[in-house]
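J.: this is a predicted model, with the sequence first.
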Amino acid sequence: MKLKLLVIPIAALVLGALGLAPQAHAQTPPPKGPTSGTKVASGLMSPRGMKLGPDGMLYVAEAGTAGTMTVGPADNQSMSGNTGRISKVDPNSGNRTTLADNLPSNGGPEGDAVGPADVAFLGGQLYYVQTHGGAAYGFPSNPTGIYKVNSNGTVTLLADIGAYNIANPVSDISSGKQQDIEIGGNPYAMTVRDGAFYVTDGNQNQILKVTAAGVVSRVNEFTGHPVTTGITYDGAGPFYVTALGQFPFTPADGKLYSVSFPGGAVANVANGFSSLTDTEFGFGGKLYVLQFGDQSDSSDPNGPPWTLGSGKILRVNLVTGALTPIVNGFTFPTSLIFDGDTAYVANGGITIPGVVPGEIWQIKAFSAIQPISITPPPAAAPPPPAAPPPPAAQQPSGAPGGTSGVPVRAPNTGAGPTASQLDGWLPALLALGVAGALCVAGGTRRFRKSDA
């Protein structure tokens, strides 16, 4: 089965995504910022995964800005370039140092980008995981996978995750149940446990184990395409994995799972807030999740899917499954880590020049912050029924749209609206003339269909 991607040409959105429509950006003031914390670094290019290094520095994977190289046939085009990078940030001064750059970055013609997705240390050595590598995206020498970051700024492939995913598709894909397919998958986050990497994939919906020797195997898979994102664990306990959900990103679909170790049995732990992108244990062994943003409460079926500046850190009650908001006001946050009682958040994981910068926030004495009284927003009215697609058509990956005048791309792969539903969005987005259909860890703003 050959995949085709139908690109939607939206010139005004391209200009906005590339920062060429300042008058439109000026109409949308930058968000005020979170309710707690201090910004310690800015100027990052779509920051995604982040870890604290053994030296106390912050190490960040930046997805980049895609590029100008057109890849794929006429009906399957995206833009690629070597704009991804790995950075080290001093949490005290905010100074940023480039450790590796010119890394693969791929995106749609609207200016969205996926590339370096996360970082991790194994034996004191820094590694990163690459999304949308490989020949399909214009990088035949740099496949999707895990790379060692060398001291001279070069990177060396440890494990070809893309090849593994192509040779061993998850059951939802091999059965045809899930037709939203990103070639090679979309690794989103990784952690290290017992001397091996464990990687979540937001398109293949799985956890992979990658040994120090580069051997890849599957721990488990999640059925129903929940769009798996962050992963963490505490000591000898299970993994905890967040899920973004699919369009329209209802609160019920933003989920936290537990995954037994080493068995891989999956259980639901909590839900109730839209679009979860990360999870981490903090001071005192309490578990937290990071929310990308609230589902928009607009009743307009052609409106955007999120409310700008509504991203949160939420505390998890592992007994009851309750999620309690602790900090509010982030915009498109993608990564949460702790250093003792200090939290760090990668904010602006979708970087929109002039509106949403890529930055890192520091929140000290986190355990002393009192919960915020917030009622989870009601689910938005569903879009009107659309004409059914042709039998061979695939659903798009993610959804276009945005929040408060800033159209954005879903922060991972997930089923989106049909083409006729999207038609209702386009006039509003064109009128705004700002960045549209950006992404965080997989998928580009294209509609998928298959040919025999």
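T.: That came through, no problem.

J.: so the nearest residue to Val269 once chain neighbours are set aside: helix, strand or coil?
T.: Leaving aside its chain neighbours, Val269 sits nearest to Leu256 (4.5 Å; criterion: CB to CB, 6 or more residues apart in numbering). For glycine as for every other residue, the C-beta is placed from the backbone atoms N, C-alpha and C. Three-state assignment for Leu256 (DSSP: H, G, I helix; E, B strand; the rest coil): strand.

J.: list the contacts for Leu256?
T.: By CB atoms under 8 Å, 6 or more residues apart in numbering, the residues touching Leu256 are 240-243, 268-271, 276, 279, 289, 316, 323.

J.: report the two of the residues you listed separated the most.
T.: Distances among the contacts of Leu256 were taken as CB to CB; the most separated pair is Val241 and Leu323, at 15.1 Å.

J.: so which of those two has more stuff around it?
T.: Each of Val241 and Leu323 has its neighbours counted (other CB atoms under 10 Å); Val241 has more, 30 against 24.

J.: contacts for the helix or strand harbouring that one next, please.
T.: Assigned by DSSP states H and E, Val241 belongs to strand 239-243. By CB under 8 Å, 6+ apart, the residues outside strand 239-243 that reach it are 191, 198, 200, 207, 222, 226-233, 253-259, 261, 269, 276-279, 287, 289-290.

J.: now do it, average pLDDT.
T.: Strand 239-243 carries an average pLDDT of 98.

J.: and the helices in this structure, which stretches?
T.: For the chain, the helices defined by DSSP state H cover 11-17, 22-26, 161-167, 171-174, 419-432.

J.: among these, which gets the worst mean confidence?
T.: The weakest mean pLDDT among the helices of the chain belongs to helix 11-17, with a mean of 25.

J.: contact partners for Gln125?
T.: 148-149.

J.: begin at 318 from now on, thanks
T.: Shifting the count to begin at 318 puts that one at Gln442.

J.: show me what it is bridged to.
T.: When bridges are called by DSSP bridges, Gln442 pairs up with Leu439.

J.: state the number of residues packed around Leu416.
T.: Neighbour count for Leu416, taken as other CB under 10 Å: 19.

J.: convert the C-alpha atoms of the strand holding Val558 to PDB, please.
T.: These are the backbone C-alpha positions of strand 556-560, laid out as PDB (Å, rounded to 0.1, in the frame of the first residue of the first chain):
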ATOM      1  CA  PHE A 556       5.900   3.200  33.700                       C
ATOM      2  CA  TYR A 557       3.500   6.100  33.400                       C
ATOM      3  CA  VAL A 558       2.600   7.300  30.000                       C
ATOM      4  CA  THR A 559       0.600  10.300  28.900                       C
ATOM      5  CA  ALA A 560      -1.600  10.500  25.800                       C
END
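
J.: that strand: partners in the sheet, and parallel or antiparallel?
T.: When pairing is defined by DSSP bridges, strand 556-560 lines up against strand 545-550 (antiparallel), strand 572-576 (antiparallel).

J.: let me know the pLDDT of Val751.
T.: As predicted, Val751 sits at a pLDDT of 25.

J.: with Gly671 instead?
T.: For Gly671, the model assigns a pLDDT of 75.

J.: quick check: it vs Gly665, distance?
T.: 12 Å (CB to CB, to the nearest Å).

J.: and for Gly451?
T.: Using CB to CB, Gly451 is found at 27 Å from Gly665.

J.: the two: who's more crowded?
T.: With neighbours defined as other CB under 10 Å, Gly451 and Gly665 compare such that Gly665 has more, 27 against 23.

J.: the stretch 368-517 of the chain: strands as residue ranges?
T.: For the stretch 368-517 of the chain, the strands defined by DSSP state E, counting those that start in this stretch cover 375-379, 386-388, 395-406, 413-424, 433-439, 442-447, 462-466, 472-477, 504-510, 513-518.

J.: hang on, I meant the stretch 518-667 of the chain
T.: Listed in chain order, the strands of the stretch 518-667 of the chain (DSSP E, counting those that start in this stretch) span 523-527, 533-538, 545-550, 556-560, 572-576, 583-587, 593-598, 604-608, 628-633, 640-647, 652-656, 659-664.
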